[in-house]
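Peer 1: build the 3D model from these lines:
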Amino acid sequence: MKQAHVHIPSVALCMIILLVSGSCVNMRGDKLPEVPDIRYIEDIITGNTKESEWCGEHTIQWTRTKLVPWAEVLDPDYHHAPEAAVERFRDMKIGIRIHWGVYCLNGSNPSWSLWYKKGQLQSKDRYPESSGLSNDDYVDYIKRYSTFYQDFNPQGYDPAGWARLFKNAGLRFAVLTAKHHDGFSMFNTATEVNALRRTTDSQEVPRFEKVRHHYSIMETDYKKDIVGAYCTEMRRAGLGVGLYFSNPDWNDFDFRFGQHNIFRDTAYTRESDPQGWTRALTRHRTQLIELCSNYGSIDVLSFDHGLPMDAWPEFKGTLKMIRKLQPEMMIRRRGIGAYGDHFTPEGKRPVFPGDQDRDEEKDFHRYPEGKPWSKIGGTGSHPAYDPDLKKIDTRDVVHQLIEICSMGGIMQLGFGPDPNGSFHPNVLDFFDELGAWLKINGEGIYSTRPVERKISSNVEGVYFTRSKDNKMLNVFVSEWPGEALRLEKIIPVQGSDIILAGYGEALQWEIIEGSVLIHLPGDLPYIDKSPEGTACLIQVELTAGQLVRTN
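Peer 2: Numbers count the residues shown, from 1 in each chain. Coordinates of the predicted model:
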């Protein structure tokens, strides 16, 4: 059977290899569809198929994952997370997105080293593991990746230690990858897929056999539920519990409607293969129900990528089911449009209503007015474990955090542990520095809201947040202003103290022409006043109404 459009993405490709022979049977004994022979996959990689066989107009409507126009009108029986959950989410301000899976074994970008697009070799900077390989070597890489799970045995995994680490760093929540695009589940799932098993001990000349199993942490020598232990320990430490879940599965033949699925088939619809279509969406639903049923209260569910428009009726039904299971869970908008509770630009701030720049890429990050948002971004070459991670610039991260909070957002750092479950030494050093800064200045970060009116100052690089009751103005100075800081049209409460965080005495201040002039001390050994110094916080108690927007 000939496949119309195929890509060579992630574990999906692995699946290809896994499914190399003939037909398979599922747990119920149903015959599964024929899977492409591995020789056909090699034809795709080597370019022995015609262009029209793997790219061109899609026969099912697909969209870039951040825009889902068919999901922008809510059904009347669907309910978002309640306002109390939204407020808790807005209060957290800083957390971590933990990318962890079998890709940590070679330090590669999560799943993406598997994506091969004919005629477009991946960038060596982003995907060095698979770019530049010969075609034969690339096929071999996919086969080996698909059996990485046999070498994954994180005996050093200590979720309680993670929780202590995150708390000491000043983080308020964590989001762990339950399943990335490559399809490997870090939790105990009852669902099954076709897979490969390496039958020789040597990685030099491995042999592979086709199997059908859960393709999860339970198939490894570790055999313990990573997600379950993580949820328990994060919750015990008082941290928000979040899970990441990739909607498409590049490793499952039944998901071949996906634009990165290794079996990519643009002719695949519910009509062309109703059984396969149903299996895909049933497995998708089953895994989400497992995650929302088996691990207690989940604060954040972070979807990634979407499903095609033709799958929306089932996907929408799944959303309604998991909403009933987790009514206060904050669901990321990615792939579900208006049904989501929060918005997440990656690596950049969102574009706000009224912003003038309107190019396509920025429109993908356009801010849905009124929705909470968080900026996701790592500080390494990719968001998972990077053995060559360089020293992290804490000052830069702190300044990003301040800017994000001043705009009303939340920051999600992006790091992942190594194959043993430990974070890179440079991440540990960074967490120490970040935690030390937040211990002094966190009052201007946590549970704050943006200032709606414009406040002018006598220096550049000043950012503002406010307390939720509008009584405290938090002033972050990214570069030391010298002897005094002037804030235009700001009047402190008469007789109140203006506080420099970490300094033991109240600052002297005076009102000059309707503005406050704050005199700064000269001897502050704990503050680096150089241009490379980390920002400091000044808190000003205000009379009512001063932070209301003015024209």
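Peer 1: contacts only, for Tyr463.
Peer 2: Residues in contact with Tyr463 (C-beta atoms under 8 Å, 6 or more residues apart in numbering) are 402-403, 405-406, 475-476, 478, 535. For the C-beta atoms, the positions are set from N, CA and C on the backbone; glycine is no exception.
Peer 1: that one falls within a strand, correct?
Peer 2: Yes. With DSSP: H, G, I helix; E, B strand; the rest coil as the criterion, Tyr463 is located in a strand.
Peer 1: ramachandran angles for the closest residue to it other than its chain neighbours?
Peer 2: Spatial nearest neighbour of Tyr463, chain neighbours left out: Ser406 (4.0 Å); criterion: C-beta to C-beta, 6 or more residues apart in numbering. Note on Ser406: backbone dihedrals following degrees, to the nearest 10 are phi -70, psi -20.
Peer 1: how close does Ser406 sit to Phe173?
Peer 2: 20 Å (C-beta to C-beta, to the nearest Å).
Peer 1: more neighbours, those two?
Peer 2: It is Phe173, of Ser406 and Phe173, that has more neighbours when counted by other C-beta atoms under 10 Å, with 24 against 21.
Peer 1: my guess is the more buried one meets Gly95, correct?
Peer 2: Yes. Applying C-beta atoms under 8 Å, one finds Phe173 in contact with Gly95, separated by 3.7 Å.
Peer 1: mutual contacts of those two, please.
Peer 2: With the criterion set as C-beta under 8 Å, 6+ apart, the overlap between the contacts of Phe173 and Gly95 is 239-240, 242.
Peer 1: in terms of helices and strands, where is Ile96?
Peer 2: When secondary structure is defined by DSSP states H and E, Ile96 falls within strand 94-98.
Peer 1: now the helix or strand just after that strand: mean pLDDT?
Peer 2: Note on strand 94-98: by DSSP H and E, the next helix or strand toward the C-terminus is helix 135-146. The pLDDT scores in helix 135-146 average 76.
Peer 1: got the CA coordinates for helix 135-146 in PDB?
Peer 2: C-alpha atoms of helix 135-146 as PDB (Å, rounded to 0.1, in the frame of the first residue of the first chain):
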ATOM      1  CA  ASN A 135      20.500   8.300   4.400                       C
ATOM      2  CA  ASP A 136      21.500   4.900   5.700                       C
ATOM      3  CA  ASP A 137      22.900   6.400   8.900                       C
ATOM      4  CA  TYR A 138      19.700   8.400   9.400                       C
ATOM      5  CA  VAL A 139      17.500   5.300   9.100                       C
ATOM      6  CA  ASP A 140      19.800   3.600  11.600                       C
ATOM      7  CA  TYR A 141      19.500   6.600  13.900                       C
ATOM      8  CA  ILE A 142      15.800   6.300  13.900                       C
ATOM      9  CA  LYS A 143      15.900   2.600  14.600                       C
ATOM     10  CA  ARG A 144      18.300   3.200  17.600                       C
ATOM     11  CA  TYR A 145      16.200   6.100  18.900                       C
ATOM     12  CA  SER A 146      13.100   3.900  18.900                       C
END
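Peer 1: what helices or strands is that helix leaning on?
Peer 2: Using 3 or more C-beta pairs under 8 Å, 6 or more residues apart in numbering; DSSP states H and E, the elements in contact with helix 135-146 are helix 11-18, helix 38-46, strand 193-198.
Peer 1: what's the least confident stretch among these?
Peer 2: Averaged per stretch, pLDDT over the helices and strands packed on helix 135-146 is lowest on helix 38-46, reaching a mean of 32.
Peer 1: which parts of the helix or strand that that one is followed by are buried?
Peer 2: Elements were assigned by DSSP H and E; along the chain past helix 38-46, the next helix or strand is helix 83-92. Neighbour-count burial for helix 83-92, counted by 16 or more other C-beta atoms under 10 Å, picks out 85-86, 88-90, 92.
Peer 1: mind giving me the packing neighbours of helix 83-92?
Peer 2: The criterion is 3+ C-beta pairs under 8 Å, 6+ apart, and the helices and strands that helix 83-92 contacts are strand 240-246, strand 330-331, strand 410-415.
Peer 1: of all these, which one is nearest Leu428?
Peer 2: In terms of C-beta to C-beta, the element of the helices and strands packed on helix 83-92 nearest to Leu428 is strand 410-415, at 10.2 Å.
Peer 1: could you report the pLDDT at Pro383?
Peer 2: Pro383 carries a pLDDT value of 86.
Peer 1: about what we covered before: the shared contacts of Phe173 and Gly95, buried ones only, as a PyMOL selection?
Peer 2: Buried members of the shared contacts of Phe173 and Gly95 can be picked out in PyMOL with the line below, counting by 16+ other C-beta under 10 Å:
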select buried, resi 239+240+242
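Peer 1: could you single out the nearest of the shared contacts of Phe173 and Gly95 to Tyr157?
Peer 2: In terms of C-beta to C-beta, no member of those lies closer to Tyr157 than Leu239, at 16.7 Å.
Peer 1: residues contacting Asp528?
Peer 2: If you count contacts by C-beta under 8 Å, 6+ apart, Asp528 has them with Thr534.
Peer 1: what's the domain layout of the protein?
Peer 2: According to the domain assignment given by automatic domain parsing, the chain is divided into the following structural domains: 11-444, 451-541.
Peer 1: tell me the SS of Leu537?
Peer 2: Classification of Leu537 into helix, strand or coil gives strand, according to three-state DSSP.
Peer 1: how near is it to Phe166?
Peer 2: Separation of Leu537 from Phe166 (C-beta to C-beta): 22 Å.
Peer 1: just Ala501 next, same as before
Peer 2: Distance, Ala501 to Phe166, using C-beta to C-beta: 22 Å.
Peer 1: the two: which has the busier surroundings?
Peer 2: Phe166 (23 against 18).
Peer 1: what about the more buried one, helix or strand, and which?
Peer 2: Using DSSP H and E, Phe166 sits in helix 159-168.
Peer 1: what's in contact with that helix?
Peer 2: Taking C-beta under 8 Å, 6+ apart as the criterion, the residues outside helix 159-168 that touch it are 95-96, 174, 229-230, 232-234, 236-239, 423, 428, 431-432, 435.
Peer 1: just the helices in the stretch 301-450 of the chain please.
Peer 2: Assigned by DSSP state H, counting those that start in this stretch, the helices in the stretch 301-450 of the chain fall at 312-325, 360-363, 394-406, 425-441.
Peer 1: and the longest one, what does it pack against?
Peer 2: Meaning helix 425-441. The helices and strands touching helix 425-441, judged by 3+ C-beta pairs under 8 Å, 6+ apart, are helix 159-168, helix 394-406, strand 536-541.
Peer 1: longest helix in this structure, by number of residues?
Peer 2: Here the longest helix in the chain is taken by residue count, with DSSP state H as the criterion, and it is helix 274-293.
Peer 1: now it and helix 312-325, what's the angle there?
Peer 2: Angular relation of helix 274-293 and helix 312-325 on a 0 to 180 degree scale: 20 degrees, by axes from the mean of the first three to the mean of the last three C-alpha atoms, to 10 degrees.
Peer 1: residues of helix 274-293 that come out buried?
Peer 2: When burial is assessed from 16+ other C-beta under 10 Å, helix 274-293 yields the following buried residues: 276-277, 279-281, 283-285, 287-288, 290-292.
Peer 1: so where is the stretch 451-551 of the chain shaky, pLDDT-wise?
Peer 2: 525-526, 529-532, 545, 548-551 (pLDDT under 70).
Peer 1: now the helices: where do they sit in it?
Peer 2: So, for the stretch 451-551 of the chain - with DSSP H, counting those that start in this stretch - there are no helices.
Peer 1: which two in the contacts of Tyr463 are spaced the farthest apart?
Peer 2: Among the contacts of Tyr463, Glu403 and Val475 lie farthest apart (C-beta to C-beta), at 13.7 Å.
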